[in-house]
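Engineer: here are the coordinates; sequence isn't available:
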């Protein structure tokens, strides 16, 4: 029997993929745009839904996977708001946070700023102090067990109006722990101008302005977030690429844009991964960070997003650059930023030396 000789081109490609996998694994990472509730694993969701008798949530893993096939962005929001109904008490929030912290730490994530959909709980009668007690208990455990640091960005859905924004901020100012670093707005994209006063009060209280904008609402939503909310980072922001003047402004001001490629594909913001503007955003000089948004809902994790970025044509050095951007755009102390950036540089240098051999 004649053996088929190895294909040198295929072998070289497999070696290159393996090398990039090693780099992705070893890079210290930061994640800045991930929703705590959107990180609820299907198995946990099923368990909590059964325990609390939540009727609107599917009852098998197969049905959950089908449920996560989003027709469009409003459908995604409907599923998201239904899924959070499974979170009821302090232990639910602690359990969720423990799982999220463990999964992030396993991917060599050292620090994460997580959006907390606080209004989605307030509107169901779950008090803010219950939410914060649960996530804080698990945050402290995770820091001790894994060394990972978690910080919180409570937010509200903009399409619920100014009253929702005010209720959310009041709850944060009353019950929020010191680990709350920012205040955000998400949901279906609406004009950000009506929320200017609420964000002004949040910033006066020391919270950073971290709104979603330009995910699917056009570049004007980004302009509004910058102008009216004094945004310090833009969540998603991919529609910025439709306005050259906005791109120029973001480059000049170095305002970070937190990008989540797989999320954008799954919600229909872009048609396919190949259509994603991430490479063009980097080429334009934007300070882009790489994130998951709602990882199990989109079948991804941060390691998967680095793989996706590589499939878009980004080199190993580019991936390390994204890791550096995450550190730079975070609210870590300056000394910690320097140390983590230096570690990223060492990992890249060692990887480059190994792959050059």
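Structural biologist: In hand now; what should we look at? Values in this document were obtained by computation on a predicted structure and should not be read as measured data. Numbers count the residues shown, from 1 in each chain.
Engineer: got any ranges where the stretch 201-350 of the chain has weak pLDDT?
Structural biologist: Scanning the stretch 201-350 of the chain for pLDDT under 70 picks out nothing.
Engineer: now the strands for it?
Structural biologist: Using DSSP state E, counting those that start in this stretch, the strands of the stretch 201-350 of the chain run over residues 208-209, 212-213, 234-236, 257-259, 288-290.
Engineer: okay, now the nearest residue to residue 101 once chain neighbours are set aside: neighbour count?
Structural biologist: Nearest residue to residue 101 in three dimensions, chain neighbours excluded: residue 142, at 3.4 Å (Cβ to Cβ, 6 or more residues apart in numbering). (Each C-beta comes from the backbone N, C-alpha and C, glycine too.) By other Cβ atoms under 10 Å, the residues close to residue 142 number 21.
Engineer: Please identify the buried residues of the helix or strand that contains residue 142?
Structural biologist: Using DSSP states H and E, residue 142 sits in helix 128-146. Buried positions in helix 128-146, judged by neighbour count with 16 or more other Cβ atoms under 10 Å: 128, 130-139, 142, 146.
Engineer: same thing with stretch 201-220?
Structural biologist: Buried, per 16+ other Cβ under 10 Å, within stretch 201-220: 202-203, 207-220.
Engineer: Between the two ends of it, what distance do you get?
Structural biologist: 23 Å (Cα to Cα, to the nearest Å).
Engineer: what's the offset of that stretch from the middle of its chain?
Structural biologist: 15 Å (Cα atoms, centre = their mean, to the nearest Å).
Engineer: Then stretch 322-335?
Structural biologist: Counting by Cα atoms, centre = their mean, stretch 322-335 is centred 15 Å from the centre of its parent chain.
Engineer: my read: residue 34 touches residue 112, true?
Structural biologist: Yes - judged on Cβ atoms under 8 Å, residue 34 makes contact with residue 112 at a distance of 6.4 Å.
Engineer: When the two are compared, which one has more neighbours?
Structural biologist: Neighbours per residue (other Cβ under 10 Å) separate residue 34 from residue 112, with residue 112 holding more: 28 against 25.
Engineer: May I have the predicted confidence score for that one?
Structural biologist: pLDDT recorded at residue 112 is 98.
Engineer: does it sit in a helix, a strand or a coil?
Structural biologist: strand (DSSP: H, G, I helix; E, B strand; the rest coil).
Engineer: for the top helix by length along the chain, packing partners?
Structural biologist: Longest helix of the chain, by residue count under DSSP state H: helix 334-356. The helices and strands touching helix 334-356, judged by 3 or more Cβ pairs under 8 Å, 6 or more residues apart in numbering; DSSP states H and E, are helix 8-26, strand 109-116, helix 316-329.
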